[in-house]
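Engineer: would you be able to build a 3D model of this:
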Amino acid sequence: MRLALYTGIILAGGYACLTPALAADPTGDWRVADGVANIRVAQCYGSMWGAVSWEKQPGGRDENNPDVSKKNRPTLGMATLIDMKKKPGVDQWEGQVYNAKDGQLYSATITPAGPDQLEIKGCVMGFLCGGETWTRVGPPIPSSPVNAMAKGAPKSGGAAPKPQGAQAAQATTGTTTPAPATPKAAGAAKPGQKGAADSVGDICLLPEIAGFAH
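Structural biologist: From the prediction side, this is the model:
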């Protein structure tokens, strides 16, 4: 029995044991084994989530989803690693993986294998487990600001910061000083931030992920 996931995971019998994990951060952008997509992994609301952040062939649709209302949703930005919780005492997270090949959810784990590799393992019906290794293509992602908001952290208050330099002169004279031009940097957006080369941004803000936590 064989099941190929959109994310590149291959579930098959006889998968070898995972290499013991090194202490590493599983967040960041990862290239799946067959190179067809990048998965952005971030901590959202106390769990690890992964969503498609890049596609080799743009314009994919979740056409195999059994939910008719979701068949036309873009695969870019679609959650693939779902609500993965850290296992006590080990650098491993377990939860679910979405298989766009058949529109089903399966149990799965992610395990960092050094700073630049992530082992993915999934199981069908609790057995026939298999997996593959993803390769890091983007640095670790700091915790999303929405995590603090979700915990009820108070919003910053107090007086607005005083203007400095040119801003102070403008406030005094009422004149406007043109801002210096800044060079455009293609692909300069950091992981988790939207930019010219990043249409997904902070995956914690994606409706599918944010809605799951509320």
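Engineer: from now on I want contacts and neighbour counts done on CA atoms only, so please keep to that.
Structural biologist: Noted.
Engineer: and K87, how many neighbours does it have?
Structural biologist: Neighbours of K87 under the rule other Cα atoms under 10 Å: 11.
Engineer: from D67, how far out is it?
Structural biologist: As judged by Cα to Cα, to the nearest Å, K87 and D67 stand 31 Å apart.
Engineer: what does S143 give?
Structural biologist: Remark: distance between S143 and D67 (Cα to Cα) = 32 Å.
Engineer: comparing these two, which shows the higher neighbour count?
Structural biologist: The residue with more neighbours, out of S143 and D67, is S143; 17 against 11, by other Cα under 10 Å.
Engineer: contact partners for the more buried one?
Structural biologist: Remark: with contacts taken as Cα atoms under 8 Å, 6 or more residues apart in numbering, S143 is in contact with A42, Q43, C44.
Engineer: just checking, which of these belong to strands?
Structural biologist: Secondary structure from DSSP state E places A42, Q43, C44 of the contacts of S143 in strands.
Engineer: out of those residues, which is most surrounded?
Structural biologist: Of all those, the highest neighbour tally under other Cα under 10 Å goes to A42, namely 28 neighbours.
Engineer: how about it: what's its closest non-neighbour residue?
Structural biologist: T27 (4.8 Å; Cα to Cα, 6 or more residues apart in numbering).
Engineer: can you get me a residue count around the one you found?
Structural biologist: Neighbour count of T27, defined by other Cα under 10 Å: 24.
Engineer: ditto for G89
Structural biologist: 6.
Engineer: next, G50: secondary structure please.
Structural biologist: strand (DSSP: H, G, I helix; E, B strand; the rest coil).
Engineer: bridged to it, which residues?
Structural biologist: Per DSSP bridges, the residues bridged to G50 are V41, L81.
Engineer: by mean pLDDT, which helix or strand of this protein comes out lowest?
Structural biologist: The helix or strand of the chain with the poorest confidence is strand 10-11; it has a mean of 37 (mean pLDDT, DSSP states H and E).
Engineer: immediately after it, which helix or strand?
Structural biologist: Later in the chain than strand 10-11, the nearest helix or strand by DSSP states H and E is strand 28-31.
Engineer: for the closest residue to Q57 other than its chain neighbours, give its distance to P74.
Structural biologist: Spatial nearest neighbour of Q57, chain neighbours left out: V36 (7.4 Å); criterion: Cα to Cα, 6+ apart. Computed as Cα to Cα, the V36 to P74 distance reads 15 Å.
Engineer: shaky segments in the protein?
Structural biologist: For the chain, applying pLDDT under 70 flags the ranges 1-23, 147-196, 213-214.
Engineer: which residue ranges form the helices in it?
Structural biologist: Secondary structure of the chain (DSSP state H): helices located at 145-150, 166-173, 207-212.
Engineer: re the thing from before, how deep is the residue nearest to Q57 tucked in, by neighbour count?
Structural biologist: Using other Cα under 10 Å, the number of residues around V36 comes to 15.
Engineer: what about the strands in the protein?
Structural biologist: Applying DSSP E to the chain gives strands spanning 3-4, 10-11, 28-31, 37-44, 47-55, 79-86, 93-99, 104-112, 117-124, 127-136.
Engineer: surely A108 meets N99?
Structural biologist: No - in this structure, A108 is not within contact of N99 by Cα atoms under 8 Å, at 11.0 Å.
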